[in-house]
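A.B. asks: the sequence and its predicted three-dimensional model are supplied below.
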Amino acid sequence: MKAKDLDKLFDDGEEDVLQYFDVSKTRRINWEHELVELELPKERLAELDAEAARLNTTRGQLISKWVRERLEKASTAVE
């Protein structure tokens, strides 16, 4: 397939173009994880779980998202 044809498929958004790529060996650069323990009162944990359920995500993914957003906001405020 030519690049212009792939571009058109992507731009039209009618087809998943990932099927045209070999993603078996893809990786995220600088994507190392470290486990962090977090203590919360049971009431806050229930609120966190409810919010995660409302957003159809997991507790851990929601916390990661919020931390990432806060750090990005803080780094742009410093610049």
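C.D. replies: Yes, it's here. The structure displayed is predicted, hence computed values, not measured ones.
A.B. asks: show me what the top helix by length along the chain is packed against.
C.D. replies: Longest helix of the chain, by residue count under DSSP state H: helix 59-78. Secondary structure elements in contact with helix 59-78, counted by 3 or more C-beta pairs under 8 Å, 6 or more residues apart in numbering; DSSP states H and E, are helix 42-54. Every residue, glycine included, has its C-beta placed from N, CA and C.
A.B. asks: quick check: buried residues in the longest helix of the chain?
C.D. replies: 62-63 (16 or more other C-beta atoms under 10 Å).
A.B. asks: pull the distance from that helix to the chain's centre.
C.D. replies: Here the centre of mass of C-alpha atoms in helix 59-78, compared against the chain's by C-alpha atoms, centre = their mean, to the nearest Å, lies 11 Å away.
A.B. asks: now do it: everything it contacts.
C.D. replies: Contact partners of helix 59-78, identified using C-beta atoms under 8 Å, 6 or more residues apart in numbering, comprise 38, 48-49, 51-52, 55, 57.
A.B. asks: go with 10 Å
C.D. replies: Contacts with helix 59-78, where a contact means C-beta atoms under 10 Å, 6 or more residues apart in numbering, come from 33, 36, 38, 40, 45, 48-49, 51-55, 57-58.
A.B. asks: separation between the most centrally placed residue in the chain and D11?
C.D. replies: The residue lying closest to the centre of the chain (C-alpha atoms, centre = their mean) is K65, at 6.9 Å. When distances are taken as C-beta to C-beta, to the nearest Å, K65 and D11 turn out to be 28 Å apart.
A.B. asks: among the contacts of helix 59-78, which ones are buried?
C.D. replies: Listed as buried from the contacts of helix 59-78 are 48, 52; burial here means 16+ other C-beta under 10 Å.
A.B. asks: cheers, nothing more for now.
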